[in-house]
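Engineer: Build me a structure from this.
(chains A, B, C and D)
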There are 2 protein chains.
Amino acid sequence: MPEPQPLSGPVEDYLKAIYDLERVGEPASTNDIALRLTISAASVSGMVRRLADQGLITHEPYRGVRLTGQGRRAALRTLRRHRILECYLTEVLGYPWDRVHDEAEQLEHAASEELIERMASALGDPLHDPHGAPIPTRDGRVAEEELRTLAEVGAGERVRVRQVQDEDAGRLRYLAELGIRPGSMLRILDRAPFEGPITLWVDEAGSGATRAIGVGLATHVFVDAAGAE
Amino acid sequence: MPEPQPLSGPVEDYLKAIYDLERVGEPASTNDIALRLTISAASVSGMVRRLADQGLITHEPYRGVRLTGQGRRAALRTLRRHRILECYLTEVLGYPWDRVHDEAEQLEHAASEELIERMASALGDPLHDPHGAPIPTRDGRVAEEELRTLAEVGAGERVRVRQVQDEDAGRLRYLAELGIRPGSMLRILDRAPFEGPITLWVDEAGSGATRAIGVGLATHVFVDAAGAE
DNA sequence: AAATAGGATTAGGCAACACTAAATAATCGA
DNA sequence: TCGATTATTTAGTGTTGCCTAATCCTATTT
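Structural biologist: Okay, here's the model as predicted:
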């Protein structure tokens, strides 16, 4: 295997973004990538050409982009780094939940394979990062699951939080305040019509609390049937 | 204080190099910087203009470059990062002596102030890195000492190793094999004439060993009078 | 089928960093 | 003091990644 040529930081960011966008089904569109990375669509067009030249993606003009095997492996390597770093920063260095993402975002481009593997073993090879996202293995396998978002859950259901999106620090802080984090158990008490607030019961040690959140926020919380494993 | 605007990786590398070259007295010459960073002299000329424009250095054409206060502070910040990282990698993550430098060289440009300070406190705010180099404090003070190199020590003297240069991994491995690392006690048994090999006794737990090293290698080992503190 | 709204791409630029080759300044030796 | 050597700078390029403005597809509507 000829592989692991080192990729630049921006390239790794593109691949991660494409990986993520592609997961929902369709190929990633120029515009989506641009929005995700907050750069102009024109810049994306340029980079897409380069990525395609390097064989990391395939590009059908005007209809989007897909990772090649090589590109996918590179994306997963970066994702592994990112998530291991997040674990390490929270568990060993005491980073708060909401600050870990940005730091990992920087370090993932600089950390060597050796460093990541040393951190991973120090942690006992964790399977999920602090936000519940699965960590790809060294050899590029991920246990990505199809999870529902909290916005899709009907009134009366009882669910367990599996994962929350980690991009926005303020959002994470707020969710933590509400007691919503991976592992939390929730019961949906009520769903107001017209995309109205979702009222739910959050189990807490011994007791619990009633909370209400908007649909917008709920789409960033992934859940599964309570008790399932 | 307006300060800590983020600097690019290359800029930080230049400032570190200039700091180091300047320490021996004269201003840093274009050529020395080029050699240190293994880039062309022409490239250095270009970067020097940019650094001067940003107020990080002063440049007298054809006679070298000096750090400004701001440049010095930036250099020391980077040095602190580098050395804290080296400590952390060896002491917490079990990195071998000779591999730590290159990893730190990458991470120092990506690690946030917060990360470095968390590592520093985890280590109990160490004063020296694994190669014996002093670690600048948060507020930019360093205890740089004037040390002799092993090449300057006369036959019969007894000295203690304080610091070894960390750039070259092979050199470090070899020195470690000989038992020469910060803290080692040495007695110079003989100095062959015409820059010939230096024969010395290296104390080791219980006993010791006789070794011979060339002058070239000896200039990378810094020592102090034995027993001084 | 033609008009149009969006998304995608090209054209043309710019800044940071690196390079080689050529020109110029400084210095050292005779 | 005059060269000759060496150090430094300038000139001219290339690459990566980003930008805005202008153009070009495509798909949807009418």
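Engineer: List the residues that contact the residue in chain A positioned nearest to DNA strand C.
Structural biologist: Nearest residue of chain A to DNA strand C: A:Asn31, at 2.7 Å (Cβ to the nearest atom of the strand). For every residue, glycine as well, the C-beta is placed using N, CA and C. Taking Cβ atoms under 8 Å, 6 or more residues apart in numbering or on different chains, we find A:Asn31 in contact with A:Ala41, A:Val44.
Engineer: pLDDT score assigned to it?
Structural biologist: At A:Asn31, the pLDDT value in this model is 97.
Engineer: same deal with A:Glu3?
Structural biologist: pLDDT, A:Glu3: 52.
Engineer: Over to the one 4 residues further on?
Structural biologist: We note a pLDDT of 97 for A:Leu7 in this prediction.
Engineer: what does A:Gly140 give?
Structural biologist: 93.
Engineer: Helix, strand or coil: sort out the residue of chain A closest to DNA strand C for me.
Structural biologist: With DSSP: H, G, I helix; E, B strand; the rest coil as the basis, A:Asn31 sits in helix.
Engineer: Could you do A:Ala111 as well?
Structural biologist: coil.
Engineer: Wait, it touches A:Leu85, no?
Structural biologist: Yes: between A:Ala111 and A:Leu85 there is a contact at 6.7 Å, judged by Cβ atoms under 8 Å.
Engineer: Which of the two has more residues huddled nearby?
Structural biologist: A:Leu85 (25 against 22; other Cβ atoms under 10 Å in any protein chain shown).
Engineer: so where does the more buried one fall, helix or strand?
Structural biologist: In the assignment (DSSP states H and E), A:Leu85 maps to helix A:69-91.
Engineer: Show me what that helix is packed against.
Structural biologist: For helix A:69-91, the packing partners by 3 or more Cβ pairs under 8 Å, 6 or more residues apart in numbering or on different chains; DSSP states H and E come out as helix A:9-22, helix A:100-107, helix A:113-122.
Engineer: Show me what counts as buried in the longest one.
Structural biologist: If you call a residue buried by 16 or more other Cβ atoms under 10 Å in any protein chain shown, then helix A:9-22 has these buried ones: A:Val11, A:Glu12, A:Asp13, A:Tyr14, A:Leu15, A:Lys16, A:Ala17, A:Ile18, A:Tyr19, A:Leu21, A:Glu22.
Engineer: I'd like to know which of these is nearest to A:Val215.
Structural biologist: Among the buried residues of helix A:9-22, A:Leu21 lies closest to A:Val215 (Cβ to Cβ), at 21.6 Å.
Engineer: Skipping adjacent residues, who's closest to that closest one in space?
Structural biologist: Closest residue to A:Leu21 apart from its sequence neighbours, by Cβ to Cβ, 6 or more residues apart in numbering or on different chains: A:Ala28 at 3.8 Å.
Engineer: and the one you found, what are its phi and psi?
Structural biologist: phi -80, psi 130 (degrees, to the nearest 10).
Engineer: A:Thr219 too?
Structural biologist: Per-residue torsions, A:Thr219: phi -70, psi -10 (degrees, to the nearest 10).
Engineer: from what I can see it touches A:Val153, true?
Structural biologist: No: contact between A:Thr219 and A:Val153 fails when scored by Cβ under 8 Å: they sit 11.2 Å apart.
Engineer: quick one: which of those two has more around it?
Structural biologist: A:Val153 (22 against 13).
Engineer: Would you mind listing the residues in contact with that one?
Structural biologist: A:Val159, A:Ile188, A:Val223.
Engineer: Spell out which residues of chain A are next to chain B.
Structural biologist: Contact residues (Cβ under 8 Å from any Cβ of the partner chain) of chain A with chain B: A:89, A:92-95, A:99, A:103, A:106-107, A:109-112, A:114-115, A:118-119, A:122.
Engineer: Got the confidence number for the residue nearest to A:Leu21?
Structural biologist: At A:Ala28, the model reports a pLDDT of 96.
Engineer: if I pick it, what's in contact with it?
Structural biologist: A:Ala17, A:Ile18, A:Leu21, A:Glu22, A:Gly64, A:Val65, A:Arg66.
Engineer: which of these lies closest to B:Leu175?
Structural biologist: Lowest distance from B:Leu175 to these (Cβ to Cβ) belongs to A:Ala17, with 45.4 Å.
Engineer: I'd like the distance between the closest one and A:Asp102.
Structural biologist: With the distance defined as Cβ to Cβ, to the nearest Å, A:Ala17 ends up 16 Å from A:Asp102.
Engineer: for DNA strand D, what are the nearby residues on chain A?
Structural biologist: Contacts of chain A with DNA strand D, taken as Cβ under 7 Å from any atom of the strand, map to A:8-11, A:38-40, A:42-43, A:46-47, A:50, A:61-63.
Engineer: between the residues you listed, which is closest to B:Gly179?
Structural biologist: Nearest to B:Gly179 among those, with distances taken as Cβ to Cβ, is A:Gly9, at 40.9 Å.
Engineer: how near is that closest one to A:Gly154?
Structural biologist: From A:Gly9 across to A:Gly154, the span is 43 Å (Cβ to Cβ).
Engineer: can you check A:His59 too?
Structural biologist: Counting by Cβ to Cβ - A:His59 and A:Gly154 are separated by 40 Å.
Engineer: the more surrounded of the two?
Structural biologist: Taking other Cβ under 10 Å, A:His59 and A:Gly154 do not tie; A:His59 has more neighbours (17 against 7).
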